[in-house]
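> Structure for this input, please:
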Amino acid sequence: EHHHLDHQSLSIHMNERSFTMSVINTIELQKGGPPLSQPQYAIMRFAKYKGPEITNIEAHNERRKERYASNPDIDLSRSKHNFHLIEPPQRYRAEAERQISAAGCRTRKDSVRVVEVLFTATPEFFKGKKLPEIRQYFEETLRFFVQYQSRETIISAVVHMDEKTAHMHLSFVPLTPDGRLSAKEIVGNKKKLTWWQDKFWEHMVAKYPDLERGESASQTGRDHIPPRIFKEMTHLTQQRQKLDQLLTGIGPLNGKKRAAEISELLDGYIPAVEKMRTQLKKYSTAFSSTKAENEKLAKQETKLRQS
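Predicted coordinates:
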């Protein structure tokens with residue numbers, strides 16, 4: 001879901017900026033103010049495993065250890081809520097060797113036999129979501145992944161609900177469509193990793209519009225403006241309108257009271273606008289392209305009316 005700013009929204013933003021700058025010149029910037037809502041990110045990370053460490057990740061993922069004294073993040077009382085989207089048919093290493101052998105691949109001691117993908121999101125995303133909604137999120141990440149990697153190569157996809165933030169460990173054998181064992185080709189270099197991240201975000205944002213693209217985005221400009229930004233801009237616009245009312249209503253009888261009200265409102269408004277300006281830098285290309293697009297549409301509309 002893509003959001004575009006219309007002329008009115010754009011002018012409001014510009015008015016906020018010019019108004020704010022004039023205020024900053026005369027009033028000391030105050031810290032604090034109401035916190036802006038936190039950005040929500042979908043997260044996907046890759047890790048490669050060659051040999052003995054495969055047993056270690058399996059022990060963690062499948063909760064095969066009897067005690068987790070070394071990992072205070074695990075709450076064993078909540079482990080019953082963990083669930084699989086794909087159950088491992090056998091032990092990770094044995095299943096990896098079976099698939100590699102069936103594909104007729106030769107391996108070296110340092111060959112990557114298993115790649116693990118960690119799927120999660122920032123805590124803000126999961127806040128208030130019930131188990132079925134959380135399950136839907138991870139089902140969506142799996143739907144994304146199997147578009148680009150054969151489901152048959154996946155050994156296990158297990159969701160952990162017993163740690164601080166819900167997450168899924170998806171372990172697969174890095175076999176290419178033509179049956180070669182090549183983690184390098186699948187996960188690749190930095191460019192390929194960026195490709196994965198871009199594709200992942202594009203897929204997930206279609207279902208979850210509040211999700212934002214991480215800072216490692218390959219494109220500096222973006223045409224998806226999160227709804228969170230619009231809500232915050234609306235709130236700031238309302239505050240600015242209130243300030244306008246207070247400023248225009250100052251008289252000799254209420255001057256002192258109005259000055260106190262204005263000062264209190266500015267204490268929160270100025271830092272909030274500064275935070276907003278920082279966030280909007282990421283979307284500057286999107287604002288520019290949207291403005292140009294709107295101007296083009298306006299010209300087309302004028303031509304249509306004149307014809």
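
> what about the closest residue to Gln90 other than its chain neighbours, how many residues close to it?
For Gln90, ignoring the flanking residues on the chain, the nearest one in space by C-beta to C-beta, 6 or more residues apart in numbering is Arg98 at 7.7 Å. (Each C-beta comes from the backbone N, C-alpha and C, glycine too.) As a burial measure, the neighbour count of Arg98 was computed by other C-beta atoms under 10 Å and equals 14.

> by contact count, what packs against whatever helix or strand Arg98 lives in?
Secondary structure assignment for Arg98, by DSSP states H and E: helix 92-102. Contact here means 3 or more C-beta pairs under 8 Å, 6 or more residues apart in numbering; DSSP states H and E; on that basis helix 92-102 packs against helix 53-61, strand 114-121, strand 154-160.

> and the residue nearest to Gln90, how far is that from Gln239?
Using C-beta to C-beta, to the nearest Å, Arg98 is found at 62 Å from Gln239.

> try Ala102
According to C-beta to C-beta, Ala102 and Gln239 sit 64 Å apart.

> Looking at these two now, which is surrounded by more residues?
Each of Ala102 and Gln239 has its neighbours counted (other C-beta under 10 Å); Gln239 has more, 18 against 12.

> burial measure for the closest residue to Gln147 other than its chain neighbours, as a count.
In space, and not counting its chain neighbours, Gln147 is closest to His203: 7.7 Å by C-beta to C-beta, 6+ apart. Residue neighbour count, defined by other C-beta under 10 Å, stands at 18 for His203.

> Next one, pLDDT for His203 please.
Looking at His203, its pLDDT is 94.

> buried sites along the helix or strand encompassing it?
Element membership of His203 [criterion: DSSP H and E] is helix 190-207. Judged by neighbour count using 16 or more other C-beta atoms under 10 Å, the buried positions of helix 190-207 are Trp196, Gln197, Phe200, Trp201, His203, Met204, Val205.

> The last one contacts Leu211, correct?
By that I understand Val205. Yes. A contact is recorded between Val205 and Leu211 when judged using C-beta atoms under 8 Å, the distance being 5.1 Å.

> what touches both of these two?
Here Val205 and Leu211 have Ala42 as joint contacts, going by C-beta atoms under 8 Å, 6 or more residues apart in numbering.
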